[in-house]
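S.K.: need the 3D shape of this:
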Amino acid sequence: MPPTVSYALIMLIAGIGIPVLAALNAALGTRLGSPVAAASILFCVALLSTLMILAMGQPRAVLGVVTAPKHLLLAGCLVAFYVLTITWVAPKFGVGNAVFFVLLGQLISAAAIDHFGLFGAQISPLSLTRVSGIALMAAGVFVTQQV
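M.R.: Prediction:
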């Protein structure tokens, strides 16, 4: 199997996991009466999971954080923002609606990152064809949320 197919399948599975994560954590937040508590528990479980994987693979890799540009650590804040907001909003707005707007934001942000090669990303210029494809994807996501 070509690497690109493997990458696509892995990311498809990750994409399937995002609404599942949203629904599970929203339910936990509702049950606990605190989206912040649910998010905190999620991060503790995630930390333990990733630390186990790190320990099995490349435990010394974490030492590189000392010399890494500090702005790269903002990704952790973005993950916290996503988890906190999806946990708080999904029970009130619906998982589908919440994820729709997340996907729309991802399409816009990904296009900008690729177009400008931000954060070291591979440059992929925004052409009329790409804009049309993104618009079609956004329209498709919108249509799936219509009742």
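S.K.: so what touches the helix or strand where Gly140 lies?
M.R.: Taking DSSP states H and E as the definition, one finds Gly140 inside helix 128-144. When contacts are defined by CB atoms under 8 Å, 6 or more residues apart in numbering, helix 128-144 is touched by residues Gly96, Phe100, Leu103, Leu104, Leu107, Ile108, Ala111, Ser124. Glycine gets a C-beta too; all of them are placed from N, C-alpha and C.
S.K.: what packs against the longest helix anywhere in the chain?
M.R.: Determined from DSSP state H, the single longest helix within the chain is helix 3-32. With contacts taken as 3 or more CB pairs under 8 Å, 6 or more residues apart in numbering; DSSP states H and E, helix 3-32 sits against helix 35-56, helix 74-93, helix 95-116.
S.K.: taking helix 3-32 as reference, get the angle to the second one.
M.R.: What separates the directions of helix 74-93 and helix 3-32 is an angle of 60 degrees, with axes from the mean of the first three to the mean of the last three CA atoms, to 10 degrees.
S.K.: pull the distance from stretch 34-53 to the chain's centre.
M.R.: From the chain centre to the centre of stretch 34-53 is a distance of 15 Å (CA atoms, centre = their mean, to the nearest Å).
S.K.: nope, stretch 84-103 is what I was after
M.R.: So, by CA atoms, centre = their mean, the centroid of stretch 84-103 is 13 Å from its chain's centroid.
S.K.: got the domain boundaries for this protein?
M.R.: 1-93, 94-147 (automatic domain parsing).
S.K.: now those in TSV, with mean neighbour count?
M.R.: Output for those, formatted as TSV (neighbours: other CB atoms under 10 Å):
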stretch	mean neighbour count
domain 1-93	13
domain 94-147	13
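S.K.: ranking those domains by mean pLDDT, which is last?
M.R.: Ranked on mean pLDDT, the bottom entry among the domains of the chain is domain 94-147, at a mean of 90.
S.K.: name the SS class of Leu126, please.
M.R.: At Leu126 the chain is in coil, as set by DSSP: H, G, I helix; E, B strand; the rest coil.
S.K.: was I right about it contacting Ala111?
M.R.: Yes: assessed by CB atoms under 8 Å, Leu126 is found in contact with Ala111 at 5.7 Å.
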